[in-house]
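Visitor: Return a 3D structure for these sequence lines:
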Amino acid sequence: MVGVRDADGTVITPGLVLQAYWQGCFPMADDRNGRLRWYRPTMRAIITWDRYKVPRSLAKVARRKPYALTIDRAFASVVAACAKRATTWISEDIESLYIQLHQLGHAHSVEAWDGSGRLVGGLYGIALGSCFCGESMFHLADDAAKICVMHLVEQLQSRGFTLLDCQQQTPHMERFGAYEVDERTYAGLLSLCRQERPFA
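Guide: Numbering: from 1, shown residues only. Down below sits the predicted model:
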């Protein structure tokens, strides 16, 4: 994408972003108007299906089906909602790059809608072979983002994905069974994800 450069002045394209993901790197910005910088954590939070779990209280809520769940219906709106907070790493350049990655079929979203048709939760990320790299999520209603995580995992499992990369550990994702691995372990797991899987 012409005009998008990282903090070192390198021109950033969707293809370069994908190459970086295969190297264990991902872009973040200093703020909404900041320059892109590349990050590769020494410890990586991941979910594998043998460790995945759904909190009992959340499973009870989900059974009531409080939201209509969709995939790739409102990708740009989900990214914009994720960026709409007091401090954000999702700059305008990052937003533009991921929208283009979505248009190219690499980035995907899960959405939650309330009974009036309002978008009240969602998440987005990158499908990388049989690994899905989660980027961000948001919620405007109780448990909306968490139920989107459940829907995401169901989709990944049904499509033959083997790994959900959560990037950094949080109490929220730890409840779903996320655990940390070091760089070398993550690289080994990612190397087993080369076979492309259809997300939707």
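Visitor: Let me see the contact set for Leu69.
Guide: Leu69 makes contacts with 110-113, 147-148, 151, as judged by CB atoms under 8 Å, 6 or more residues apart in numbering. To be clear about C-beta, it is placed using only N, CA and C from the backbone, and glycine gets the same treatment.
Visitor: so can I have a markdown table of those showing pLDDT, distance to Glu92 and neighbour count?
Guide: Below are the contacts of Leu69 laid out as a markdown table (pLDDT from 0 to 100; distance: CB to CB, whole Å; neighbours: other CB atoms under 10 Å):
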| residue | pLDDT | distance to Glu92 | neighbour count |
| --- | --- | --- | --- |
| Val110 | 98 | 23 | 28 |
| Glu111 | 98 | 22 | 25 |
| Ala112 | 98 | 25 | 27 |
| Trp113 | 98 | 26 | 19 |
| Ile147 | 98 | 29 | 23 |
| Cys148 | 98 | 24 | 27 |
| His151 | 98 | 28 | 19 |
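Visitor: So which of the residues you listed are in helices?
Guide: Mapping the contacts of Leu69 onto helices (DSSP state H) picks out 147-148, 151.
Visitor: which intervals of this structure have sub-threshold pLDDT?
Guide: For the chain, applying pLDDT under 70 flags the ranges 1-3.
Visitor: can you map out the strands along it?
Guide: Taking DSSP state E, the strands of the chain run over residues 26-29, 36-39, 43-47, 68-71, 107-113, 119-128, 131-139, 163-167, 179-182.
Visitor: To Pro14, which of these lies closest?
Guide: Smallest distance to Pro14 across the strands of the chain (CB to CB): 8.8 Å, for strand 107-113.
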